[in-house]
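Chemist: Whatever this is, show me its structure:
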Amino acid sequence: MKYFIVDAFTSEPFGGNPAGVVLLGGSFPSERLMQQVAAELRYSETAFVQQNGPAEFTVRYFTPAGEVDLCGHATIATFGTLCQKGILQDGDVCMNHTLAGDLKVKIGELVMMQMATPRVIDKQVDAERLHHIMAGIKMPDWPDMPIEIVSTGLPDIMMPVATVDDLNALAPDMDALSDLSRELEVTGVHAFALSDDGYTAHVRNFGPLYGIPEESATGTANAALTHYLHHQGLISAPTTGRFLQGEAMGRPSVVATMLQLDGCIWVGGSACIVAEGELLV
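Modeler: Next comes the predicted model:
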């Protein structure tokens, strides 16, 4: 098995969101071994890739704590790697079989991935409890926007914050956030502040239940945020979005989204390979 360390949603080494990518020479190894590899690599997600045909792949995603149905940044890392290694070419349209469904990936200037059908999950989030968990310090007034759970493959809590300064001041209680995430059966919280500086929003993502205190770029969550903004009447289709994430971690990432007239959402970005080798297991 060949492995790569790849920074996704950036064209520069040591920016964006790092992921492990493991290219399999045949069938998938045991779940136990894939979990051990993901824990050893220690990145928020590691993708295991099986090639089924010239432009058809099955990808499984593991965090250090367990398997997840889909991961946006690991998908960008995976197909960016396949392109840079000559397995795919510019202009290819691929099929990615995942536990979240069969999704298309387009290879071009950016790697663009089709997300699962967006949906708002009908669960109430206690805003006062969430704000108490997330604030860390006393915050100014929260914006008059609803808190919703939205999924485009993975469910996240969409939490609006009034300003970028307030966003950067968030200091979540990770244990309490893990408990809330477990109760609501979500991956975590995607906090955002709308902006007029060339980005649709500045965002931060927290998923301590899955061993990810904070993530520097999340494709699925920014796709979910795109749907949230459309659902709230703040953007209309068709449109594109640009989300700046990872500032607080010193790993700025730019996540591009595309909302189509039919409501389908695509997420994309660049990928940069920073290391590669062989797994001797």
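Chemist: For stretch 237-257, buried residues please.
Modeler: Using 16 or more other CB atoms under 10 Å as the burial criterion, the residues of stretch 237-257 that qualify are 241, 243-247, 251-257. Backbone N, C-alpha and C define where each C-beta goes, glycine included.
Chemist: cool, stretch 24-43 as well?
Modeler: The neighbour-count check on stretch 24-43 (16+ other CB under 10 Å) flags 24, 29, 34-35, 37-38, 41, 43 as buried.
Chemist: export those residues to a markdown table and tack on distance to Asp262 and pLDDT?
Modeler: Listed next are the buried residues of stretch 24-43 as a markdown table, based on distance: CB to CB, whole Å; pLDDT from 0 to 100:
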| residue | distance to Asp262 | pLDDT |
| --- | --- | --- |
| Leu24 | 34 | 96 |
| Pro29 | 38 | 95 |
| Met34 | 35 | 97 |
| Gln35 | 37 | 96 |
| Val37 | 38 | 96 |
| Ala38 | 35 | 96 |
| Leu41 | 37 | 94 |
| Tyr43 | 34 | 92 |
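Chemist: Tell me the one of those residues nearest Pro18?
Modeler: Tyr43 (5.3 Å; CB to CB).
Chemist: Bridged to Ala191, which residues?
Modeler: As for beta bridges, Ala191 partners with Met159, Arg204 under DSSP bridges.
Chemist: For it, which residues are in contact?
Modeler: Contacts for Ala191 (CB atoms under 8 Å, 6 or more residues apart in numbering) come out as 134, 159-161, 167, 170, 203-206.
Chemist: From those, pick the one nearest Leu99.
Modeler: Scanning these for proximity to Leu99, where the rule is CB to CB, the winner is Asn205, at 20.2 Å.
Chemist: could you list every residue that touches that closest one?
Modeler: Neighbour list for Asn205: 156, 188-191, 214-215, 218, 221, 245 [criterion: CB under 8 Å, 6+ apart].
Chemist: Also Gly207?
Modeler: Neighbour list for Gly207: 44, 181, 187-189, 213, 215 [criterion: CB under 8 Å, 6+ apart].
Chemist: Of these, just the buried ones, PyMOL syntax please.
Modeler: Remark: buried members of the contacts of Gly207, expressed as a PyMOL selection using 16+ other CB under 10 Å:
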select buried, resi 44+181+187+188+189+215
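Chemist: Mind checking which of the buried residues of stretch 237-257 are in strands?
Modeler: 241, 243-245, 253-257 (DSSP state E).
Chemist: Turn the residues you listed into a markdown table, columns for pLDDT.
Modeler: Below are those laid out as a markdown table (pLDDT from 0 to 100):
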| residue | pLDDT |
| --- | --- |
| Gly241 | 96 |
| Phe243 | 97 |
| Leu244 | 96 |
| Gln245 | 95 |
| Ser253 | 91 |
| Val254 | 92 |
| Val255 | 95 |
| Ala256 | 96 |
| Thr257 | 97 |
